[in-house]
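In: got a predicted structure here, sequence first:
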Amino acid sequence: MRAAATTEPGRLRIIGAALALLVVAFGAVTAWEVSDRFSAADNVVNRSQTLSVDAAHIYSSLADADTSAASAFLSGAPEPAEFRDRYKEDIERASKLLIEAATHTDSASTSGRQITELNKGLPVYTGLIEQARAYNRQGLPLGGGYLRYANERMTNDLLPAAEKLYAAETDRLAADSDDARRWPFVSLALGMLVLTALLWTQRRNFRRTNRVFNQGLVAATTASVVLLVWLAAGQTFARMDLKSAQTHGQASLKVLNDARIESLKARANENLTMVALGSVLTPDRKHDKYEMDYQTAMARLSTALDSARRLADNGAEGERVDAARASVAQWTARHKEARTADAAGEYGAAVAKVIGGADSTRQSFDAVVSALDVSLGKKQAEFSAFASDGRKALNGLAIGAGALALAAAAGAVLGIGRRLSEYR
């Protein structure tokens with residue numbers, strides 16, 4: 001190397017080799033970093049987003065099944081077909097989603113452990129519900145005890161496991177989104193180094209030969225500039241779209257799912273308040289446990305809807321959240337009427353206020369869930385669209401990086417080779 005550096009041809013060969021090596025390294029590192037970002041963005045679109053949605057549906061299906069079981073029990077024997085069918089659909093949906101989630105989840109992970117717990121506990125819960133129904137059909141009060149025990153299993157075992165599953169999948173979605181939005185700093189730094197080296201080489205040639213352009217080096221510079229601009233622009237647009245997916249979609253989905261879950265909890269506890277007839281008290285023995293749990297869930301529901309309203313726009317999205325909030329206020333007022341009737345000894349009237357048709361808490365609850373379901377569907381579509389656009393911004397960049405790097409390396413070698421031919 002020292003001997004070669006003492007002559008101009010030797011120095012040109014060293015410069016050509018260094019340029020080719022730098023350009024190839026730029027292309028290889030860019031391809032690697034972009035592939036990593038694209039893989040993370042693809043996970044957001046096709047994997048972690050799907051698993052997060054499925055986890056939310058598992059939770060809501062289990063909570064809704066518990067609500068439907070309590071409503072069916074409260075209606076008396078024979079149970080109304082609509083409650084029975086809804087319970088059956090909820091259990092089947094939760095079971096199917098658990099199987100699908102298990103196929104895409106490592107059994108040793110947090111999500112895998114929660115799925116195992118749910119698969120173990122769900123048959124126990126459904127068995128308790130069937131026992132409660134059997135006793136209820138015979139008119140035996142033991143059915144209420146089995147229903148309350150089933151609710152305890154749901155509240156203490158199944159729903160906490162489903163909540164942990166949802167939290168783990170939501171965290172994974174956020175992690176994938178963060179990975180996809182990370183700047184490829186090494187590639188950008190190498191790109192700037194390559195451009196600096198190419199410009200220095202061309203300036204050196206100009207000073208030694210008085211020739212303005214070297215076609216090979218100009219081609220190499222052009223290819224490098226194209227790759228660097230493509231990299232910066234692609235990552236910028238990907239970051240913007242994925243950030244929009246997180247801000248306008250994921251954040252709203254989180255609070256809307258929270259609101260739906262709390263509405264289901266409140267409804268189940270409201271029904272169980274009527275079933276238990278004050279026989280289940282809080283640890284201090286001063287209050288009805290199910291009534292207090294209902295109040296807690298309703299307070300969390302209102303908080304979640306307030307957060308959803310702050311995230312919503314002033315168009316149709318905001319109107320749907322406002323409609324849900326109005327239905328919650330109506331639900332609260334009707335619940336007070338039902339509790340007043342129950343306290344006055346008018347049990348039949350209180351039950352009608354809870355599970356009847358018009359002017360019942362059931363009607364208000366259905367209105368809340370309906371508004372939330374529409375909002376969740378819209379937000380899910382919005383999230384998917386932004387996330388897909390973010391992934392598309394990186395399409396072809398890894399392959400393009402390799403092709404442009406090879407073209408730039410070839411241009412640099414040919415350009416230096418042109419200068420070397422003048423010494424023969």
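Out: That came in fine, so what should we check first?

In: and the helix or strand containing Leu98, what does it pack against?
Out: Using DSSP states H and E, Leu98 falls within helix 81-103. Using 3 or more C-beta pairs under 8 Å, 6 or more residues apart in numbering; DSSP states H and E, the elements in contact with helix 81-103 are helix 49-75, helix 110-137. C-beta here means a position set from N, CA and C on the backbone, and glycine is covered the same way.

In: CA atoms only for that helix, dumped as PDB, please.
Out: Presented in PDB, the C-alpha positions along helix 81-103 are these (Å, rounded to 0.1, in the frame of the first residue of the first chain):
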ATOM      1  CA  ALA A  81     -83.500 -17.700  23.300                       C
ATOM      2  CA  GLU A  82     -81.800 -14.400  22.500                       C
ATOM      3  CA  PHE A  83     -79.800 -14.400  25.700                       C
ATOM      4  CA  ARG A  84     -78.900 -18.100  25.400                       C
ATOM      5  CA  ASP A  85     -77.800 -17.700  21.800                       C
ATOM      6  CA  ARG A  86     -75.800 -14.600  22.600                       C
ATOM      7  CA  TYR A  87     -74.000 -16.400  25.400                       C
ATOM      8  CA  LYS A  88     -73.300 -19.400  23.100                       C
ATOM      9  CA  GLU A  89     -71.900 -17.100  20.300                       C
ATOM     10  CA  ASP A  90     -69.700 -15.300  22.800                       C
ATOM     11  CA  ILE A  91     -68.200 -18.500  24.100                       C
ATOM     12  CA  GLU A  92     -67.600 -19.900  20.600                       C
ATOM     13  CA  ARG A  93     -66.000 -16.700  19.500                       C
ATOM     14  CA  ALA A  94     -63.700 -16.500  22.500                       C
ATOM     15  CA  SER A  95     -62.700 -20.200  22.000                       C
ATOM     16  CA  LYS A  96     -62.000 -19.700  18.300                       C
ATOM     17  CA  LEU A  97     -59.900 -16.600  18.900                       C
ATOM     18  CA  LEU A  98     -57.900 -18.300  21.600                       C
ATOM     19  CA  ILE A  99     -57.000 -21.100  19.200                       C
ATOM     20  CA  GLU A 100     -56.000 -18.600  16.500                       C
ATOM     21  CA  ALA A 101     -53.900 -16.500  19.000                       C
ATOM     22  CA  ALA A 102     -52.200 -19.700  20.300                       C
ATOM     23  CA  THR A 103     -51.000 -20.500  16.800                       C
END
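
In: so where's the longest helix in this protein?
Out: Scanning the chain for the helix with the most residues, using DSSP state H, yields helix 8-43.

In: okay, buried residues for that one please.
Out: 12-13, 15-16, 19-20, 22-27, 29-31, 33-34, 37-43 (16 or more other C-beta atoms under 10 Å).

In: helices or strands up against it?
Out: Judged by 3+ C-beta pairs under 8 Å, 6+ apart, the packing partners of helix 8-43 are helix 159-181, helix 185-209, helix 215-244, helix 361-392, helix 397-420.

In: turn these into TSV, columns for mean neighbour count, mean pLDDT and distance to Val354.
Out: Below are the helices and strands packed on helix 8-43 laid out as TSV (neighbours: other C-beta atoms under 10 Å; pLDDT from 0 to 100; distance: least, C-beta to C-beta, whole Å):
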stretch	mean neighbour count	mean pLDDT	distance to Val354
helix 159-181	20	89	22
helix 185-209	16	89	60
helix 215-244	19	92	42
helix 361-392	20	90	5
helix 397-420	20	88	58
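
In: okay if I get the ones you listed as CSV plus distance to Leu51?
Out: Below are these laid out as CSV (distance: least, C-beta to C-beta, whole Å):
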stretch, distance to Leu51
helix 159-181, 5
helix 185-209, 30
helix 215-244, 17
helix 361-392, 13
helix 397-420, 25
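
In: of the ones you listed, which approaches Ala326 most closely?
Out: Minimum separation from Ala326 across those (C-beta to C-beta) falls at helix 361-392, 8.4 Å.

In: centre of the chain versus that closest one, how much separation?
Out: Chain-centre distance of helix 361-392: 13 Å, with C-alpha atoms, centre = their mean, to the nearest Å.

In: and if you look at stretch 17-35?
Out: 34 Å.

In: do the same with stretch 181-193
Out: 28 Å.

In: and what of stretch 232-250?
Out: Counting by C-alpha atoms, centre = their mean, stretch 232-250 is centred 15 Å from the centre of its parent chain.

In: one more: stretch 105-114?
Out: The answer for stretch 105-114 is 17 Å, by C-alpha atoms, centre = their mean.

In: could you report the pLDDT at the residue lying closest to Ile399 once chain neighbours are set aside?
Out: Counting by C-beta to C-beta, 6 or more residues apart in numbering, Ile399 lies nearest to Ala31, which is 7.6 Å off, once chain neighbours are set aside. As predicted, Ala31 sits at a pLDDT of 94.

In: which residues does Ala31 contact?
Out: By C-beta atoms under 8 Å, 6 or more residues apart in numbering, Ala31 lies in contact with 398-399, 401-402, 405.

In: from those, which is closest to Phe83?
Out: Taking the contacts of Ala31 together and measuring to Phe83 by C-beta to C-beta, the closest member is Ala398, at 53.5 Å.

In: got the contact list for the closest one?
Out: Ala398 neighbours (C-beta under 8 Å, 6+ apart): 30-31, 34-35, 38.

In: want to throw those into TSV with distance to Gln215?
Out: Output for these, formatted as TSV (distance: C-beta to C-beta, whole Å):
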residue	distance to Gln215
Thr30	24
Ala31	26
Val34	29
Ser35	32
Phe38	34
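
In: for those residues, which one is nearest Ala266?
Out: Phe38 (42.8 Å).

In: which one is the closest one nearest to, not counting chain neighbours?
Out: Leaving aside its sequence neighbours, Phe38 sits nearest to Leu394 (C-beta to C-beta, 6+ apart; 4.4 Å).

In: these two touch, right, that neighbour and Val34?
Out: Yes - because the distance of 6.0 Å satisfies C-beta atoms under 8 Å, Leu394 is recorded as touching Val34.
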